[in-house]
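In: The amino acid sequence is not available; the structure is as follows:
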């Protein structure tokens, strides 16, 4: 399993935001300059992270984005799922009926959610605070 570039960039950006003063307002430009993430990608990710409740945006003078929760209450799982969606290892484990040639005979499918849950639990144990150290 490998994170996409977007998930990786989101982790890098959130970690950079966590190193700032609590409640500090950040712009996509600042985070792009600080992390090397291209500006259009930083803008897109900040909007996604805000839509998932990890950043809070404020418009106008003095506006920008700030972390929505304390750094010890944001996990690696939160960030990855905000960008990637639910953590599942196989298509059949996401609860949507996908076409699979093995579907009628598969004895593993009912148990694949166990694997996804274990990975999510592991990612949930890593806080943004730890990543920012």
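Out: Thanks, I have the structure now. Here the structure is a predicted model, which means the values were calculated and not measured.

In: quick one, strands of this protein?
Out: 55-58, 64-67 (DSSP state E).

In: Residue 113: which of these is closest?
Out: strand 55-58 (29.1 Å; C-beta to C-beta). For the C-beta atoms, the positions are set from N, CA and C on the backbone; glycine is no exception.

In: Please name every helix or strand in contact with that closest one.
Out: Packing partners of strand 55-58 (3 or more C-beta pairs under 8 Å, 6 or more residues apart in numbering; DSSP states H and E): helix 39-51, strand 64-67.

In: Repeat the analysis, applying 6 Å as the threshold.
Out: In terms of contacts (3 or more C-beta pairs under 6 Å, 6 or more residues apart in numbering; DSSP states H and E), strand 55-58 is packed against strand 64-67.

In: Mind listing residues that contact the strand it packs on?
Out: With contacts defined as C-beta atoms under 6 Å, 6 or more residues apart in numbering, strand 64-67 is touched by 17, 23, 25, 26, 27, 46, 55, 56, 57.

In: How far off centre is the worst-scoring helix or strand of the chain on mean pLDDT?
Out: Within the chain, no helix or strand scores below helix 112-124, which has a mean of 86 by mean pLDDT, DSSP states H and E. Distance of helix 112-124 from the chain centroid (C-alpha atoms, centre = their mean, to the nearest Å) equals 15 Å.
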